[in-house]
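> Give the three-dimensional model of this entry:
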Amino acid sequence: MDLHGRHVIVIGGSTGIGRAVTDDVISAGGIATVGSRSPEKLEKVRADHGDRVKIKPVDVTDEASVRDFFAAADDADHLVVCPGDMAVGSVTDVTREAIDASLGTKIIGQFWSVRHALPRLAERGSITLIAGGAGFRAFVGMPITSAANAGIGGLGPSLALELKPRRVNVIVAGVVDTPLWDFLPDQARQEFYAQAAAQLPVGRMGRPADISSTVLHVMVNDFIDGAIIPVDGGALIS
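Numbers count the residues shown, from 1 in each chain. All right, here's what the predicted structure looks like:
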């Protein structure tokens with residue numbers, strides 16, 4: 001997949017799936033502008049990739065922060081938006097803080113990112129949003145996370161119609177080994193990973209590179225538009 005000379009803006013691009021996207025963009029010959037809430041993680045991206053990347057902190061839950069980020073950005077060929085917080089807890093237990101964080105990053109934050117990226121985005125550029133499998137298969141204890149991810153699934157195709165000829169696609173990531181799960185103690189996390197892998201037809205956990213390779217594919221294939229693409233090891237059929 002050749003991105004030589006192409007500029008890709010990656011929101012949430014300093015860790016997990018977003019970091020894998022950033023790395024793959026550089027490996028494919030592109031240049032990247034990376035936004036993240038963590039200045040420390042952004043500096044690590046710059047240390048690894050040098051002048052092939054530009055970095056700038058951004059908080060996608062704050063529209064002014066998103067507006068400022070894109071106002072300072074160069075024109076771009078592609079946008080990838082992949083920040084997201086999970087809200088874990090039943091309908092009676094999930095906290096307001098967790099609700100706000102999940103909806104704020106997954107739906108509102110992705111919406112703000114698209115809105116303010118448009119003046120910088122090529123007329124025939126692409127937008128890729130990242131959702132999670134919890135929006136497309138029921139899980140106990142994750143009603144808000146499920147609602148947030150399902151919302152991204154609704155947002156993408158609607159934007160594809162509204163923003164044509166720019167293309168908008170949604171990648172639905174399955175359970176992937178990323179820092180998103182670091183809230184679990186080490187042993188509990190490893191047990192969860194083993195259980196999740198055993199339930200998948202492919203028999204293993206997802207890796208960030210599994211998702212990022214599909215992100216790059218929808219960037220370069222200009223006949224993919226309005227799609228919702230599961231990359232989940234077969235979770236939706238198991």
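
> Start and end of stretch 91-99, how far apart?
11 Å (Cα to Cα, to the nearest Å).

> And the contacts of it?
Applying Cβ atoms under 8 Å, 6 or more residues apart in numbering, the external contacts of stretch 91-99 come out as 85-89, 143-144. For the C-beta atoms, the positions are set from N, CA and C on the backbone; glycine is no exception.

> So which elements touch whichever helix in the chain runs longest?
Longest helix of the chain, by residue count under DSSP state H: helix 143-163. For helix 143-163, the elements it packs on are helix 96-103, helix 109-117, strand 121-132, strand 167-173, strand 228-231, judged by 3 or more Cβ pairs under 8 Å, 6 or more residues apart in numbering; DSSP states H and E.

> Rebuild these as a markdown table, extending it with distance to D68, mean neighbour count and mean pLDDT.
Formatted as a markdown table, those follow (distance: least, Cβ to Cβ, whole Å; neighbours: other Cβ atoms under 10 Å; pLDDT from 0 to 100):
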| stretch | distance to D68 | mean neighbour count | mean pLDDT |
| --- | --- | --- | --- |
| helix 96-103 | 21 | 16 | 96 |
| helix 109-117 | 9 | 23 | 98 |
| strand 121-132 | 17 | 22 | 97 |
| strand 167-173 | 23 | 26 | 97 |
| strand 228-231 | 31 | 18 | 98 |
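
> Distance to A71 added to these, as a markdown table?
Below are these laid out as a markdown table (distance: least, Cβ to Cβ, whole Å):
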| stretch | distance to A71 |
| --- | --- |
| helix 96-103 | 25 |
| helix 109-117 | 8 |
| strand 121-132 | 13 |
| strand 167-173 | 22 |
| strand 228-231 | 30 |
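
> quick one: low-confidence parts of the chain?
Scanning the chain for pLDDT under 70 picks out no residues.

> And the residue of it most remote from its centre, how close does it get to G141?
Centroid-distance maximum for the chain: T92 at 28.1 Å, with Cα atoms, centre = their mean. From T92 over to G141 the distance is 11 Å, taken as Cβ to Cβ, to the nearest Å.

> ok, F139 - how many residues close by?
13 (other Cβ atoms under 10 Å).

> need the contact list for it.
Contacts of F139 by Cβ under 8 Å, 6+ apart are 145-146.

> does the residue farthest from the centre of the chain sit in a helix, a strand or a coil?
coil (DSSP: H, G, I helix; E, B strand; the rest coil).

> For it, give its distance to R37.
In terms of Cβ to Cβ, T92 sits 29 Å off from R37.

> residues contacting the residue nearest to the spatial centre of the chain?
A centroid search over the chain (Cα atoms, centre = their mean) returns C82, at 1.8 Å, as the residue closest to the centre. For C82, the contact set (Cβ under 8 Å, 6+ apart) comprises 10-13, 16-18, 21, 129-130.

> buried sites along the longest helix of the chain?
In terms of neighbour count (16 or more other Cβ atoms under 10 Å), helix 143-163 has its buried residues at 143-153, 155-157, 159-160, 163.

> Now do stretch 227-238: distance from first to last residue.
OK, stretch 227-238 end separation, Cα to Cα: 21 Å.

> Could you tell me how far it lies from the centre of the chain?
16 Å (Cα atoms, centre = their mean, to the nearest Å).

> now do stretch 208-223
Per Cα atoms, centre = their mean, the centroid offset for stretch 208-223 relative to its chain is 12 Å.

> Contacts for it next, please.
Residues contacting stretch 208-223 (Cβ under 8 Å, 6+ apart): 1-3, 6, 8, 16-17, 19-21, 23-25, 28, 78, 80, 124, 126, 128, 130, 167, 169, 171, 173, 176-178, 224, 227, 229, 231.
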